[in-house]
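Student: Let's see this in three dimensions:
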Amino acid sequence: MDISVVVPLFNEDESLPELTAWIDKVMIANNFSYEIILVDDGSTDRSWEVIEALRLQNPAIKGIKFRRNYGKSAALNVGFEATQGDVVITMDADLQDSPDEIPELYRRIKEEKLDLISGWKKKRYDPITKTIPTKLFNAATRKMSGIELNDFNCGLKAYRSDVIKTIEVYGEMHRYIPVIAKWAGFGKIAEQVVEHRARKYGTTKFGFSRFINGFLDLLSIFFVGKFGKRPMHFFGSLGVLSFFLGIVMSLYVLIEKQILIWKGLAYRDVTDQPLFYLSLVAIVVGSQMFLAGFIAELLSRNAPERNQYLIEKELK
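Tutor: Numbers count the residues shown, from 1 in each chain. So this is what the prediction gives:
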């Protein structure tokens, strides 16, 4: 199969017939063998009934329905597991992504041997309350990940099948799939300017909390990707640094007192100086962080996936 199109959705019953008909038209025009996987993330409208009706009209349409709303990441992860195509396309169900972009995305994945192509909605039809925070998060993600993309959260993306069969998307990590793919060893990541259409039906399903959660998810990806198999390097380094600073500050307080006594000058008791207590706190925190790193290292070494590594090719 050439292409699998994964569409996560929540309460999009009005747009589904138009979207699937558009995708079908593009696939037939380009002679692609394809499937459309519609993942209903616990919709409360008629979305599932519409999917069932569409399936009867077009056998290429497949549906997955969650019992409740789990979020876009869960919908994508389950959809990825069900794909059979060589190239996997993801797009939103609200008709703001154009299926006309699919042939070019497919061509570039195949001809340029890319792992992932992320869409860039250069001209957007979103309110300023959404575009400004999005720009800030894209800038932060570029800085932390080293991936030069302008729109990490664009729903329209294309992947080699190997990529989505290797990575795991959970929580609200769908915003940072390029980062997850890079940490998994898929470094051939490109960008393509795509059309952003105004929403035709319904309203957006995302609130302001997604920006806070998105930033926390970015920190989580960065930490797990870099220190997941060697947590002692992170906690141990900070612990040793804090412990060393605490020792230095406490020695400074003690030596200062001894010098003042030796010169016959007035001095304060060690316990009367705030720096002494700061040094104690630094020593205690440093010890705790070192122990946290030690415990995390023990857990990591005993984890069943501790020696599971992603092998791209093998000759025997």
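Student: quick one, what contacts the closest residue in space to R67 that isn't next to it in sequence?
Tutor: Excluding its sequence neighbours, the residue lying closest to R67 (Cβ to Cβ, 6 or more residues apart in numbering) is G42, at 6.7 Å. C-beta coordinates here come from the backbone N, C-alpha and C atoms, glycine included. Applying Cβ atoms under 8 Å, 6 or more residues apart in numbering to G42 gives the contacts F10, K65, F66, R67, R68, N69, Y70.
Student: burial count for the closest residue in space to the last one that isn't next to it in sequence?
Tutor: Nearest in space to Y70, with sequence neighbours left out and distances taken as Cβ to Cβ, 6+ apart, is D41 at 6.1 Å. Other residues near D41 come to 25 when the count uses other Cβ atoms under 10 Å.
Student: The one 10 residues further on now?
Tutor: Neighbour count for I51, taken as other Cβ under 10 Å: 24.
Student: Number the chain from 334, please
Tutor: Yes, from this point I'll number from 334; that puts the last item at I384.
Student: That one should be in a helix, yeah?
Tutor: Yes. Secondary structure of I384 (DSSP: H, G, I helix; E, B strand; the rest coil): part of a helix.
Student: was I right about it contacting N391?
Tutor: No. Taking contacts as Cβ atoms under 8 Å, I384 lies outside contact range of N391: 10.8 Å.
Student: ok, and what's touching the helix or strand that contains V372?
Tutor: Here V372 is covered by strand 367-373, with elements defined by DSSP states H and E. Applying Cβ under 8 Å, 6+ apart, the external contacts of strand 367-373 come out as 334-343, 349, 353, 356-357, 360, 380-381, 384, 387, 391, 393-399, 408-409, 411-412, 415-418, 426.
Student: Provide the backbone phi and psi angles at the residue nearest to R400.
Tutor: When quoted as degrees, to the nearest 10, the phi and psi of G375 stand at phi 70, psi 40.
Student: That one and V502, how far apart?
Tutor: 17 Å (Cβ to Cβ, to the nearest Å).
Student: what's the answer for M582, then?
Tutor: For M582, the distance to V502 equals 45 Å [Cβ to Cβ].
Student: in the host helix or strand of V618, what's buried?
Tutor: V618 belongs to helix 607-635 when assigned by DSSP H and E. Neighbour-count burial for helix 607-635 flags 609, 612, 615-616, 618-619, 622-623, 625-626, 629-630, 633 (criterion: 16 or more other Cβ atoms under 10 Å).
Student: Over to stretch 507-523?
Tutor: Buried, per 16+ other Cβ under 10 Å, within stretch 507-523: 507-517, 519, 522-523.
Student: Next: stretch 479-493.
Tutor: Quick answer for stretch 479-493 (16+ other Cβ under 10 Å): 480, 482-493.
Student: From those, which shows the smallest pLDDT?
Tutor: Within those, pLDDT reaches its minimum at N486, with 82.
Student: Now do the contacts for it.
Tutor: N486 touches T467, F470, N471, R508, G547, counting by Cβ under 8 Å, 6+ apart.
Student: Which of the buried residues of stretch 479-493 lies at the shortest distance from E589?
Tutor: Distance to E589, by Cβ to Cβ, is smallest for I480 among the buried residues of stretch 479-493, at 49.6 Å.
Student: what phi and what psi does the backbone show at that closest one?
Tutor: Taking degrees, to the nearest 10 as the convention, I480 sits at phi -100, psi 120.
Student: my read: it touches L449, true?
Tutor: No. In this structure, I480 is not within contact of L449 by Cβ under 8 Å, at 9.8 Å.
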